[in-house]
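Enquirer: Based on what follows, work out the 3D shape:
(2 chains)
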Protein chains: 2
Amino acid sequence: MITALAGGVGAARFLQGLVQVLPPSEVTAIVNTGDDTLVHGLHVSPDLDTVTYTLAGAANDETGWGLAGETWTTMEALARLGGETWFNLGDRDLATHLYRTHRLADGAALSEVTGELARAWGVEIRILPVTDDRLSTRIQLRGGPEVAFQEYFVRLRHEVPVSGVRFDGAAVARPAPGVIDALEGARGIVVCPSNPVVSIDPLLAIDGVARVLGKRRDRIVGISPIVAGSALKGPADRLLRELGSEPSVTGVARWYTSWLGTLVIDEADAALAPAVEAEGVRCIVAPTVMGTPERVAALARVVLDALG
Amino acid sequence: MITALAGGVGAARFLQGLVQVLPPSEVTAIVNTGDDTLVHGLHVSPDLDTVTYTLAGAANDETGWGLAGETWTTMEALARLGGETWFNLGDRDLATHLYRTHRLADGAALSEVTGELARAWGVEIRILPVTDDRLSTRIQLRGGPEVAFQEYFVRLRHEVPVSGVRFDGAAVARPAPGVIDALEGARGIVVCPSNPVVSIDPLLAIDGVARVLGKRRDRIVGISPIVAGSALKGPADRLLRELGSEPSVTGVARWYTSWLGTLVIDEADAALAPAVEAEGVRCIVAPTVMGTPERVAALARVVLDALG
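Expert: Model prediction:
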């Protein structure tokens, strides 16, 4: 069994590779829910949906969110009514949010609903939200207000400086059923190439997760989301710099140093392998840019080999 | 100023006639909200929407609910996910519910949101929900459970016997701002051809409404929703019979006898005019079937004439 720590697009892409080289039934993804938000009263779980849609082969690869071939009838009508439309909800994507909101209101746990949606989409890996409880990533804008993650990420297009990040609710949130077992019992734990600050850190903020990871260090392999000093997608580079680390594979190793055993870095960063090792993290150099399904599968093989 | 007591389709249709013979700015509609319901977490106000959409010329006349030329992308996707789809929400209609739910969550009153939606649709009459507070029509099925109105009306297609109706929340709900003034200050009050039991009675259940109506009896003209013993639409005939009255213009007069001054009945029921008057309600006979815009306007003129 392999357990993956996952955010959104980068994680979803890597998981697509993993299921090319492992039976899906042997994979559990523990997914960030700090980005979850209420949009017009609907419970939206962006990372859970990105992972599910991507593994279902239905994701929109161009935008990095939502469904391929989507239509926008409701959003266009909402714009005509003068409603807020900065958080885009496609017509088919809306069905997911209606389903989730309805089931949660009925008393179902987010982990149950996530399983139902995954089955409906024919996704065979186990997708677990890190918690069934409220977890809300809050972004402190430099010299400005604290805002909800989606406000920073979508509305402000992560183009503003950040001075702090916190995970509201984490102090009382419990891990979803299966999360701790999946970390304790896995043959290996993979840290997907996700944003360390706002995708992986929220997972560690949940009671018990960091403790288990600290005990399993030699079974944990991560893939750097930073290649040649830049995030392939999103603000990981910018956030690492703004929050006191650096936008490099070394910065990633430093961020994870207390619990990460091995970091896979791209060939473009081969010269930094000694610097990664100097942070106390074993370093493997391999092609990490997930350009084609073959390359993603090859990366998954590198990670499995690293787990021995 | 004319104030109308309104339910859904029949009321909306009559109001279309009223604005042909009166400036829209002189008309206030006080609309039933007992049918309001949460659908997948969204606040749906069926009667408010029917009135708004109809006056905007956008209603689907064939179904009697929703928008003309609607598409169903989200519902079809929800069905594929295994979600509940018995309450149909069109793609464009959904925008109304997203807007309303969002604004209510922001703390806006239903009456404010209703005004915003009416303006967005270019509707010029004043549309007021009878209350901004929760009002929930509950239907006691004969020999069965009590169910929410939409469960009876939509899911069970009102094909089951009913032994009682109550308006949950009415004991503490206050009239929306403007409702009592619109009743006290109107030159005349029109009772639209709506279901007496589940469209008009919920209005009377709100504090102060029945009291004002009782004082203005001679300024109140109603139109019978029953023609030749049948409701033109919906279960008004059935409910009147099941709840101890009778499915006839006489039954309608009896239902409203304590506060209705005049009842307009269809020519098909002319023979029952003496029976209506025997209930203590003045009776006017006129064509009431609203088949064409001209007929609806003519009916509106009859009502205005009756108000003197």
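Enquirer: How far does stretch A:112-128 stretch from one end to the other?
Expert: One end of stretch A:112-128 sits 9 Å from the other (Cα to Cα, to the nearest Å).
Enquirer: And that stretch, how far out from the chain middle?
Expert: Mean-position distance between stretch A:112-128 and its chain equals 16 Å (Cα atoms, centre = their mean, to the nearest Å).
Enquirer: for stretch A:199-206, same thing?
Expert: 10 Å.
Enquirer: Okay, strands next: where are they in the stretch 101-250 of chain A?
Expert: Counting by DSSP state E, counting those that start in this stretch, residue ranges of the strands within the stretch 101-250 of chain A are A:126-129, A:136-141, A:146-148, A:162-168, A:188-191, A:220-223, A:226-227, A:230-231.
Enquirer: Of the ones you listed, which is nearest chain B?
Expert: Of all those, it is strand A:146-148 that lies closest to chain B, at 13.9 Å by Cβ to the nearest Cβ. Where you see a C-beta, it was placed from the backbone N, CA and C, and this is true even at glycine.
Enquirer: List of residues touching that closest one?
Expert: When contacts are defined by Cβ atoms under 8 Å, 6 or more residues apart in numbering or on different chains, strand A:146-148 is touched by residues A:37, A:136-141, A:156, A:164.
Enquirer: can those go into TSV with extra columns for distance to chain B?
Expert: Output for the contacts of strand A:146-148, formatted as TSV (distance: Cβ to the nearest Cβ, whole Å):
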residue	distance to chain B
A:Thr37	12
A:Ser136	16
A:Thr137	20
A:Arg138	19
A:Ile139	21
A:Gln140	23
A:Leu141	22
A:Leu156	19
A:Gly164	27
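Enquirer: hmm, back to that, tabulate the strands of the stretch 101-250 of chain A (CSV), appending mean pLDDT.
Expert: Below are the strands of the stretch 101-250 of chain A laid out as CSV (pLDDT from 0 to 100):
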stretch, mean pLDDT
strand A:126-129, 98
strand A:136-141, 97
strand A:146-148, 96
strand A:162-168, 97
strand A:188-191, 98
strand A:220-223, 98
strand A:226-227, 97
strand A:230-231, 94
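Enquirer: can you list the ones you listed in a markdown table and add distance to B:Val209?
Expert: A markdown table is the format used below for the strands of the stretch 101-250 of chain A (distance: least, Cβ to Cβ, whole Å):
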| stretch | distance to B:Val209 |
| --- | --- |
| strand A:126-129 | 47 |
| strand A:136-141 | 42 |
| strand A:146-148 | 41 |
| strand A:162-168 | 44 |
| strand A:188-191 | 63 |
| strand A:220-223 | 66 |
| strand A:226-227 | 65 |
| strand A:230-231 | 61 |
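Enquirer: is it possible to export the ones you listed to JSON lines including mean neighbour count?
Expert: As requested, those are exported to JSON lines (neighbours: other Cβ atoms under 10 Å in any protein chain shown):
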{"stretch": "strand A:126-129", "mean neighbour count": "24"}
{"stretch": "strand A:136-141", "mean neighbour count": "20"}
{"stretch": "strand A:146-148", "mean neighbour count": "17"}
{"stretch": "strand A:162-168", "mean neighbour count": "17"}
{"stretch": "strand A:188-191", "mean neighbour count": "26"}
{"stretch": "strand A:220-223", "mean neighbour count": "26"}
{"stretch": "strand A:226-227", "mean neighbour count": "24"}
{"stretch": "strand A:230-231", "mean neighbour count": "16"}
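Enquirer: closest to B:Ile200 out of those strands?
Expert: For the strands of the stretch 101-250 of chain A, proximity to B:Ile200 was assessed by Cβ to Cβ; strand A:146-148 is nearest, at 43.7 Å.
Enquirer: what's in contact with whichever helix or strand A:Val264 is part of?
Expert: Per DSSP states H and E, A:Val264 falls inside strand A:262-265. Outside of strand A:262-265, the residues within contact range by Cβ under 8 Å, 6+ apart are A:220-224, A:227, A:249, A:252-253, A:256, A:272-273, A:276, A:281-286, A:288, A:299, A:302-303, A:306.
Enquirer: Same check on stretch A:56-63?
Expert: So stretch A:56-63 is contacted by A:12, A:50, A:53, A:66-70, A:121-123 (Cβ under 8 Å, 6+ apart).
Enquirer: what comes up buried for that stretch?
Expert: Neighbour counts over stretch A:56-63 (16 or more other Cβ atoms under 10 Å in any protein chain shown) mark A:58-60 as buried.
Enquirer: One more: stretch A:80-95?
Expert: Those would be A:81, A:83, A:85, A:87, A:89-95, for stretch A:80-95 by 16+ other Cβ under 10 Å.
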